[in-house]
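J.: Let me see the structure of the following:
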Amino acid sequence: MILFFVFYRSLNLLGVSMKFFIHIFFGVCFFSVSAHSTDVEGVWELVSGEYKNEHGEMIAYDEIGLRSLKIISGSHFSFTSMKGDDFWASGSGTYSFNEGRYVEELKFNSFGEKPGAQFSFSAELDGEYWRNARWDDGERVEFEVWKRVD
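T.: The predicted structure follows:
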């Protein structure tokens, strides 16, 4: 709190009014909080990635011809994945994206998970790219790189 007043006092000496300072201060705070959830909204295409199969081997998506498209709205996600020309998997449900953590909660899926199952990823947005990593007991089991297409 003391730093707040020292900073304001310094700006006041430069002719910056309290009203202007408060607008800027709260505008920056609001932007910092709201930017995380909306930045991920849009249409994303899988660029690369890998996953751990049932034998414990990491399989690169490009080696098996995996392609995927994910659509994210304000509260829901949906994806469809193809392996070559064949259907591979799909899923949809709700999501959250906060403080570098992207969490999907499934409602429907084609791979046998019960409704309500959650998949949690560490996530990083970098311009038009979005990187996700999913971990299980300290071991990375999935890594994805998505590119915004819309």
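
J.: those strands in this structure, which residues are they?
T.: If DSSP state E is used as the criterion, the strands of the chain fall at 42-52, 58-60, 66-72, 76-83, 86-98, 101-109, 118-126, 129-136, 139-148.

J.: a markdown table please, covering those and showing mean pLDDT.
T.: Shown next, in a markdown table, are the strands of the chain (pLDDT from 0 to 100):
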| stretch | mean pLDDT |
| --- | --- |
| strand 42-52 | 98 |
| strand 58-60 | 98 |
| strand 66-72 | 98 |
| strand 76-83 | 98 |
| strand 86-98 | 97 |
| strand 101-109 | 98 |
| strand 118-126 | 97 |
| strand 129-136 | 97 |
| strand 139-148 | 98 |
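
J.: Can you tell me which of those strands is packed in deepest?
T.: Comparing the strands of the chain by mean neighbour count (mean count of other CB atoms under 10 Å), strand 66-72 comes out on top with a mean of 19. For glycine as for every other residue, the C-beta is placed from the backbone atoms N, C-alpha and C.

J.: Report the backbone C-alpha coordinates of it in PDB.
T.: What follows is strand 66-72 as a C-alpha-only set of coordinates in PDB (Å, rounded to 0.1, in the frame of the first residue of the first chain):
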ATOM      1  CA  LEU A  66      -2.400 -37.400 -36.900                       C
ATOM      2  CA  ARG A  67      -4.300 -34.200 -37.700                       C
ATOM      3  CA  SER A  68      -6.700 -32.400 -35.500                       C
ATOM      4  CA  LEU A  69      -8.800 -29.300 -35.300                       C
ATOM      5  CA  LYS A  70     -10.000 -27.800 -32.000                       C
ATOM      6  CA  ILE A  71     -12.700 -25.100 -31.600                       C
ATOM      7  CA  ILE A  72     -12.900 -23.100 -28.400                       C
END
